[in-house]
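[1] Next input, structure requested:
(2 chains)
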Protein chains: 2
Amino acid sequence: MKKFRELETLYARFEQAAKEMFGYPICQLFNYSKLFRFLKFHINNLGDPFSEAWHYRINTLKIEKKMIDYFAKLFHAPKNTYWGYVTTGGTEGNLYGLYVARELYPEGVVFYSDQTHYSVPKNLRLLKMPGVVIPSLPNGEIDYQHLKKKLASRKQVPIIFANIGTTMKGAVDNVRRIQEILKELNIKKSYIHCDAAFFGLTLPFLPKLDSQAFDFSIGVDSLVISGHKMIGTPIPCGVILTQKSHMTGIGSRIEYVGAKDNTIGGSRSGLFSLFLWYEFYCCKKGKLAGQVRDCIKRADYAIKKFSQAGIHAWRGPNSFIVVFPRPSMKMVKKWQLAIQGPTSHLITLPHVYRKTIDRFVKEIAQDLEK
Amino acid sequence: MKKFRELETLYARFEQAAKEMFGYPICQLFNYSKLFRFLKFHINNLGDPFSEAWHYRINTLKIEKKMIDYFAKLFHAPKNTYWGYVTTGGTEGNLYGLYVARELYPEGVVFYSDQTHYSVPKNLRLLKMPGVVIPSLPNGEIDYQHLKKKLASRKQVPIIFANIGTTMKGAVDNVRRIQEILKELNIKKSYIHCDAAFFGLTLPFLPKLDSQAFDFSIGVDSLVISGHKMIGTPIPCGVILTQKSHMTGIGSRIEYVGAKDNTIGGSRSGLFSLFLWYEFYCCKKGKLAGQVRDCIKRADYAIKKFSQAGIHAWRGPNSFIVVFPRPSMKMVKKWQLAIQGPTSHLITLPHVYRKTIDRFVKEIAQDLEK
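    Numbering: from 1, shown residues only, chains lettered A, B, ... in the order given. Sure, this is the predicted structure:
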């Protein structure tokens, strides 16, 4: 049947493309085949994983709650002080974090660097929240001096959208330093949301740097991680975690309008929680740390190879996003690279092998010579 | 291994629960096993399916575009006059439709009946849009007289959120009648969004009723359907369709803030489009019509069985949501029923067989006698 042949072609195309996917933070190495048969069901976690009053029984709400507890622990949230749920990806999580901030501080203004993911301005528009874009330092971090100036000039409650691993350069905004700035300016009320979509599942397994602290132990208000970036999942998913105390307003007010839960969606897939649970409890428990360290090693390998080819490439501390000069569009398309101005990058995720790095650097070097 | 035994238990539990899922509009009868192997990949359709400029190659954007075209045709949108994308479910679609309306009419007010899905008030809060709740008629349709009164008393542009199949009673708001009311009141500017999450894939295959017209042929502005409701998909998904001319503002303004696409999310699963394509092109093409008619027959069968047991049950025209008196919580939990005040319902989706209906009616009758 012709239709099924189309599926064959698609599969073969994807198999090739997955090997040459170097530019996006989407891990291509995962194996959920033991869960395939669960696609016989429509697993739906509609509602709040912290409630137990839902009637649709084909759900993984208990597993979801377990995963929220797991991540809350990883990010040092004390017991019973957090709330969260499994989302359809980083964007929904960031939308949710900003929404929580807006409900707490309806007159708040969002400060974020020009390196912030492109979905954030979209979210701000959706939420009708004013935003102030702050320039970034050459390494990709927010320009702290500029931020301080802008914070000083505004009277509204600042909502800081901090990048824990920027898309392009893998820079980590220094949250402690931002907190110091807020203190210096005598700003009493503020909200800090951390977009740790990618690095939220790498930094906890790498040498701790004070400049990269971002979790509940230093008092952030909400944070987001992605499932499909570091660990890899077939379908985009993520987790939003927020301080439980922030949810009182949202919960009660939503009850008033007749809604029965705190999440953004109605139906929510219960498969995502099953993926995460499977990876963390059945497979990667303990393995993730080694995997992350190996990614760093392969990043250094790529930098060395680039250097041998006479090309300057670099990475930030604890980052395996290797930044190098932007090649031609032919290369961008072939290797599925992200580009921004004069730069591009390679991310040495688990599926990016040394052998392919060799081939990649060779091709890029030839391309840049032209 | 204990963990894998947990998976066995879960699977067995779901298998039983799927047979006894009578209350939610989520079809349990589908077979995507030919697509399971695609879960080896992370298929991501990030961006706009109508653009072709995306670099991540493991996508099904072309298939997505094909499905949008398919549904646009089903809903009588003339060629090149529509825009849309595959969403994570009805809620995202409804959120998007309301967002489009808000960007067109920033001062608009949303009118919706008290039978509207609970996610809509949540969406309105997120979007900071004012809403007016209109009471409903006993059959579940919006109270047109009340709507007219409320419309007359407001000067802002009305955004009508019409239900094409209410959650509880399967009622279809009469869009033509609403259009007449707008005309009678001499309201020149308005926006009509249709939530056809469930009935969007049933009504096109049933006898046409003027009172149930809801698509682009009568000039609606946007509409939403769900993938997991009538046809059944393992993961919630849906489609938003809107008039292309409404998108000009959103597109350009988003470009201004630096964002590169029109969708709400960043990463979007490309698997959902593959599911829809597989169902419509490989499997159910032409079969859906017969399946929908059979659902109606089984609804009438259930009503007859209820009647024989001395219980009054009913359904609306072209609806196979069978409304009956609310039973005990034991029954609600066992059969996964939705409840609202004194009523409950049974939805005779393809997985609800006559034999199980017999057992169900018997149990409900015994329960209501108590």
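
[2] From now on I want contacts and neighbour counts done on CA atoms only, so please keep to that.
    Fine.

[3] All the helices of the stretch 151-300 of chain A, residue numbers only.
    A:175-184, A:247-256, A:271-277, A:287-308 (DSSP state H, counting those that start in this stretch).

[4] which helices and strands does the third one pack with?
    Which is helix A:271-277. helix A:61-74 (3 or more CA pairs under 8 Å, 6 or more residues apart in numbering or on different chains; DSSP states H and E).

[5] just to revisit the earlier point, need the winner for burial among the helices of the stretch 151-300 of chain A.
    helix A:271-277 (a mean of 24; mean count of other CA atoms under 10 Å in any protein chain shown).

[6] Centroid-nearest residue for chain A?
    The centroid of chain A falls nearest to residue A:197 when counting by CA atoms, centre = their mean (1.0 Å).

[7] just checking, it touches residue A:226?
    Yes. Residue A:197 lies in contact with residue A:226 (CA atoms under 8 Å); the separation is 4.5 Å.

[8] Could you pull out the residues contacting both of those two?
    Overlap between the contact sets of residue A:197 and residue A:226, as judged by CA atoms under 8 Å, 6 or more residues apart in numbering or on different chains, is given by A:90, A:238.

[9] what about the residue nearest to the centre of chain A, distance to residue A:31?
    Applying CA to CA, to the nearest Å, the value for residue A:197 to residue A:31 is 21 Å.

[10] Could I get the contacting residues of residue A:328?
    Per CA under 8 Å, 6+ apart, neighbours of residue A:328: A:367-368.

[11] Report the separation between it and chain B.
    Between residue A:328 and chain B the computed distance is 13 Å (CA to the nearest CA, to the nearest Å).

[12] pLDDT wise, what is that residue at?
    As predicted, residue A:328 sits at a pLDDT of 95.

[13] same check, this time on residue A:56
    88.

[14] Shouldn't it be within a strand?
    No. Applying DSSP: H, G, I helix; E, B strand; the rest coil, one finds residue A:56 to be coil, outside a strand.

[15] on that earlier part again, need the contact list for the residue nearest to the centre of chain A.
    Counting by CA under 8 Å, 6+ apart, residue A:197 makes contact with A:90, A:164-165, A:224-227, A:229, A:238.

[16] hmm, try it at 6 Å
    With contact set as CA atoms under 6 Å, 6 or more residues apart in numbering or on different chains, residue A:197 has these partners: A:90, A:224-226.

[17] secondary structure element for residue A:101?
    Element membership of residue A:101 [criterion: DSSP states H and E] is helix A:90-104.

[18] List the buried residues for that helix?
    A:90-104 (16 or more other CA atoms under 10 Å in any protein chain shown).

[19] and the residues you listed near chain B, which?
    Among the buried residues of helix A:90-104, the ones lying near chain B by CA under 6 Å from any CA of the partner chain are residue A:91.

[20] Identify the farthest-apart pair in the buried residues of helix A:90-104.
    A:90 and A:104 (21.1 Å; CA to CA).

[21] which residues touch residue A:230?
    Residue A:230 is in contact with residue A:27, counting by CA under 6 Å, 6+ apart.

[22] Next one: it from residue B:125, what distance?
    Using CA to CA, residue A:230 is found at 33 Å from residue B:125.

[23] cool, and residue A:337?
    As defined by CA to CA, residue A:337 lies at a distance of 38 Å from residue B:125.

[24] And these two? Which one has more around it.
    Under the criterion of other CA atoms under 10 Å in any protein chain shown, the comparison of residue A:337 against residue B:125 puts residue A:337 first, with 22 against 18.

[25] helix or strand for that one, which one?
    Taking DSSP H and E as the definition, one finds residue A:337 inside no helix or strand.

[26] My guess is it contacts residue A:23. True?
    Yes. Counting by CA atoms under 6 Å, residue A:23 is a contact partner of residue A:337 at 3.9 Å.

[27] Any residues of chain A in contact with chain B? List them.
    Counting by CA under 6 Å from any CA, chain A sits next to chain B at A:14, A:36, A:39, A:41-42, A:55-56, A:58, A:91, A:118-119, A:127, A:234-235, A:259, A:265-266, A:269, A:333, A:336.

[28] residue ranges for the strands of chain A, please.
    For chain A, applying DSSP state E gives strands covering A:82-87, A:109-113, A:131-134, A:158-163, A:191-195, A:222-226, A:238-243, A:321-325, A:339-340, A:343-347.

[29] from those, which stretch is densest packed?
    Of the strands of chain A, strand A:222-226 is the most buried (mean count of other CA under 10 Å), at a mean of 30.

[30] residues near residue A:233, how many?
    28.

[31] Identify the residue nearest residue A:294 in space, chain neighbours excluded?
    residue A:350 (7.9 Å; CA to CA, 6 or more residues apart in numbering or on different chains).

[32] Count the neighbours of that neighbour for me.
    When neighbours are counted by other CA under 10 Å, residue A:350 registers 19.

[33] So what does it have for phi and psi?
    Dihedral pair for residue A:350: phi -50, psi -30, per degrees, to the nearest 10.

[34] cool, and residue A:230?
    With angles defined as degrees, to the nearest 10, residue A:230 sits at phi -80, psi -50.

[35] residues near the residue of the stretch 151-300 of chain A found nearest chain B, how many?
    With CA to the nearest CA, the shortest gap between the stretch 151-300 of chain A and chain B falls at residue A:234, namely 4.2 Å. A count of nearby residues for residue A:234, using other CA under 10 Å, gives 26.

[36] just residue A:12 next, same as before
    Residue A:12 has 10 nearby residues by other CA under 10 Å.

[37] can you check residue A:330 too?
    When neighbours are counted by other CA under 10 Å, residue A:330 comes out with 10.

[38] Could you do residue A:164 as well?
    When neighbours are defined as other CA under 10 Å, residue A:164 has 29 of them.

[39] which intervals of the stretch 51-200 of chain A have sub-threshold pLDDT?
    Within the stretch 51-200 of chain A, the stretches with pLDDT under 70 are A:52-54.

[40] where in the stretch 201-350 of chain A is pLDDT low?
    Short version for the stretch 201-350 of chain A, where the test is pLDDT under 70: A:249, A:251-261, A:284-285.

[41] Let's see that with 80 instead.
    Low-confidence segments of the stretch 201-350 of chain A (pLDDT under 80): A:248-262, A:264-266, A:282-286.

[42] Mind exporting the C-alpha coordinates of stretch A:206-220 to PDB?
    Provided in PDB are the C-alpha atoms of stretch A:206-220 (Å, rounded to 0.1, in the frame of the first residue of the first chain):
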ATOM      1  CA  LEU A 206      28.300  19.000  37.400                       C
ATOM      2  CA  PRO A 207      30.700  20.800  39.600                       C
ATOM      3  CA  LYS A 208      28.800  23.400  41.600                       C
ATOM      4  CA  LEU A 209      29.500  27.000  40.800                       C
ATOM      5  CA  ASP A 210      28.100  29.800  43.000                       C
ATOM      6  CA  SER A 211      27.500  31.800  39.900                       C
ATOM      7  CA  GLN A 212      25.200  29.100  38.500                       C
ATOM      8  CA  ALA A 213      23.000  28.500  41.600                       C
ATOM      9  CA  PHE A 214      19.400  28.600  40.500                       C
ATOM     10  CA  ASP A 215      17.100  26.500  42.500                       C
ATOM     11  CA  PHE A 216      14.800  26.700  45.600                       C
ATOM     12  CA  SER A 217      17.800  26.600  48.000                       C
ATOM     13  CA  ILE A 218      18.500  30.200  47.000                       C
ATOM     14  CA  GLY A 219      14.900  31.100  47.000                       C
ATOM     15  CA  VAL A 220      13.700  31.200  43.300                       C
END
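
[43] Great, nothing more from me.
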